[in-house]
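Visitor: just a sequence and a predicted model for now, questions to come.
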Amino acid sequence: MNPLEIIVLIGVLVLLGSWLAPWLRVPAPLLQLVLGLLAGFVPLVREIHLPSEAVLVLFLPALLFWESLTTSLREIRRDLRGILILSTLLVAASAFGIAGIGVALGLGWGAALILGAALAPTDATAVGAMARSLPHRNMTILRAESLINDGSALVIYSIAVGAAVSHVAYTGWEITGLVVLAYVGGGAVGLLAGWLGTLLLRRLGEPIVNNTALVVVPFVAFLGAELIHASGVIAVVVAGLMLSQTGPRASTPQSRQQTAAFWSLTTSILNGALFVLIGIEAQSAIRAVAGSEIPVLIALTVLAWLAIIVIRFVFQMVTVWLIRLLDRRPSQRGRRMTYRARVVSAIAGFRGAISLAVALAVPATLSGRAEIIFVATGVVILTLVVQGILLPPVVRWARFQPDTSVDDELAKAQHAATAEALADIGDLSAHLGLSDAVRDRVFEEYRDHLEVMDASGNEDDRLLLARDEEYTTLRLALLKRKRDVMIRLRDEGVISDTALRIMQTRLDREELRLSQPELLE
């Protein structure tokens with residue numbers, strides 16, 4: 001197939017999966033994966049391959065950057081100890097556990113450890129797409145772990161490839177140096193990229209130019225880290241987390257609206273394309289191995305998949321027990337979770353594109369490369385399909401308490417901002433030299449808004465809320481009427497398409513403010 005046909009095919013499958021998912025009540029990534037598997041039965045489609053370079057250089061920086069931009073740094077700091085343990089020690093335990101199973105079923109030690117390194121890290125994009133039903137805190141911990149653990153897995157992969165292909169004998173100090181370089185070097189490059197990105201955003205007021213700079217930042221961070229043999233993944237994540245803190249002051253409102261719209265659409269398409277390509281790649285993985293080896297490889301795939309879940313659960317139980325034994329602080333007791341939460345975490349540890357990219361990056365000269373790709377692809381599919389189906393009932397079984405923390409913080413912030421703005425209206429009006437009529441008009445609007453936020457369940461407040469809802473309904477109806485008039489004037493030739501487009505943008509923003517205020521806060 002030529003490149004245009006490939007783009008159209010993948011685009012259609014991504015669109016079809018996104019459209020059908022709500023009807024079938026399944027996650028869109030899961031359906032996109034299945035569509036990719038089905039498409040792989042078409043002979044021409046089997047020619048499509050997912051280059052590991054595309055994942056590591058194109059998909060990964062963009063997807064990780066957006067995940068880190070939308071992850072709360074404050075909440076990461078709250079659970080930093082657990083996140084670091086999961087993203088380092090758990091990765092090592094998973095890699096060596098899977099390697100042991102591989103050796104027991106006939107893989108060489110080098111190939112088995114490479115397989116373990118490929119399957120050890122959870123995938124940030126898969127977690128973000130498949131685990132949305134989790135409470136906010138659980139989701140934050142899982143996302144943060146998935147952002148960081150790729151760096152640990154890639155260090156293990158580098159050591160395993162060096163030992164298996166080049167027969168390099170690493171000492172303990174050399175391994176320590178590689179880990180330190182990956183994290184410290186990657187973190188330093190990420191901080192530098194985030195600082196430079198902040199300087200650029202402050203100086204580039206034009207929204208398109210501002211967002212162009214934001215697109216470049218993750219790739220600059222990834223490239224800078226790779227040039228010094230540090231972790232590009234860590235660099236991108238650190239740059240994204242830094243910009244999540246500095247961005248609100250560095251960019252303009254128009255730039256931020258454009259940022260959210262652009263990155264949401266782009267990462268959604270990239271995510272969908274990855275899941276479709278993983279499904280298609282499964283066909284190549286099956287055909288690359290001899291038929292006589294398939295039963296053993298299927299057994300290895302299932303055992304490796306079960307080992308991932310079991311190791312993750314046992315590791316969390318042991319580490320939590322040790323932490324509770326050593327740390328008796330009241331603040332630590334307040335962060336405790338039940339064993340049911342750890343069962344959910346074990347099921348929610350999805351593997352994805354990074355595992356497949358690592359497997360595909362294995363040198364062609366290595367014995368067992370086809371087997372590594374086969375097993376890695378199979379495990380990725382099992383985690384997405386089986387765990388994706390199991391997760392919702394397991395979450396219900398866990399009986400999590402309703403997590404209203406984000407809504408509570410949003411309401412608190414809105415109330416505080418409105419109250420302080422209301423108190424400052426008089427001083428600001430005097431400073432700006434505005435008339436009393438304008439001051440009083442704005443004062444009344446802000447006071448009414450604050451009264452609605454303060455409304456409780458008594459009869460007077462219910463009447464106030466009902467009137468506010470009626471007010472919103474009327475405003476939305478008037479906006480629709482204004483939009484119809486604008487379109488009619490365009491059709492009659494009174495105004496141009498350009499004027500219509502400008503007016504529609506203004507009306508759309510006003511409608512979003514009234515109907516979905518959280519999108520524009």
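Guide: Yep, it's here. Numbers count the residues shown, from 1 in each chain.

Visitor: for the rest of this, base every contact and every neighbour count on C-alpha atoms.
Guide: Will do.

Visitor: and V375, how many neighbours?
Guide: Counted with other C-alpha atoms under 10 Å, residues neighbouring V375 total 28.

Visitor: my read: it touches L303, true?
Guide: No - at 10.1 Å, V375 does not count as touching L303 under the criterion of C-alpha atoms under 8 Å.

Visitor: residue ranges in the stretch 51-200 of the chain under the pLDDT threshold?
Guide: 166 (pLDDT under 70).

Visitor: in three-state terms, label the residue nearest to the spatial centre of the chain for me.
Guide: By C-alpha atoms, centre = their mean, the chain has its centre lying nearest to E67, at 3.7 Å. What DSSP: H, G, I helix; E, B strand; the rest coil gives for E67 is helix.

Visitor: that one contacts V127, correct?
Guide: No - counting by C-alpha under 8 Å, E67 stays clear of V127, with 10.3 Å between them.

Visitor: overlap of the contact sets of the two?
Guide: Common neighbours of E67 and V127, using C-alpha atoms under 8 Å, 6 or more residues apart in numbering, are R143.

Visitor: re earlier: quick one: the residue nearest to the centre of the chain and F374, what's the gap?
Guide: In this structure, E67 and F374 are 28 Å apart, going by C-alpha to C-alpha, to the nearest Å.

Visitor: got it, and L243?
Guide: Going from L243 to F374 by C-alpha to C-alpha gives 38 Å.

Visitor: cool, L107 as well?
Guide: In terms of C-alpha to C-alpha, L107 sits 13 Å off from F374.

Visitor: comparing the two, which residue is more hemmed in?
Guide: F374 (28 against 21).

Visitor: what sits against that one?
Guide: Contacts here follow C-alpha under 8 Å, 6+ apart; on that basis F374 touches 282, 285-286, 288-289, 297.

Visitor: would you map the strands across the protein?
Guide: With DSSP state E, there are no strands along the chain.

Visitor: could you chop it up by domain?
Guide: Using automatic domain parsing, the domain parsing of the chain gives 51-403, 417-454, 458-521.

Visitor: picking that back up, mind checking which of the contacts of F374 are in helices?
Guide: Filtering these for membership in helices, criterion DSSP state H, returns 282, 285-286, 297.

Visitor: could you redo these as CSV and give each row neighbour count and distance to A261?
Guide: Supplementary listing: those in CSV, determined by neighbours: other C-alpha atoms under 10 Å; distance: C-alpha to C-alpha, whole Å:
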residue, neighbour count, distance to A261
A282, 26, 32
A285, 19, 36
I286, 19, 39
L297, 22, 43
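
Visitor: between these, which sits nearest E444?
Guide: Comparing the ones in helices among the contacts of F374 against E444 with C-alpha to C-alpha places A282 closest, at 62.8 Å.

Visitor: just give the closest residue to the closest one, not the sequence neighbours.
Guide: T377 (6.0 Å; C-alpha to C-alpha, 6 or more residues apart in numbering).

Visitor: the one you found is in contact with I280, isn't it?
Guide: No - using C-alpha under 8 Å, T377 and I280 do not qualify as a contacting pair, with a distance of 10.3 Å.

Visitor: helix or strand with the lowest mean pLDDT in the protein?
Guide: None of the helices or strands of the chain scores lower by mean pLDDT, DSSP states H and E than helix 330-334, at a mean of 65.

Visitor: identify, from the ones in helices among the contacts of F374, the entry nearest to A160.
Guide: Once C-alpha to C-alpha is applied, the member of the ones in helices among the contacts of F374 that ends up nearest A160 is L297, at 20.5 Å.

Visitor: isn't that closest one up against V375?
Guide: Yes - using C-alpha under 8 Å, L297 is in contact with V375, at 6.5 Å.

Visitor: list phi and psi for Y170.
Guide: Main-chain torsions, Y170, degrees, to the nearest 10: phi -80, psi 140.
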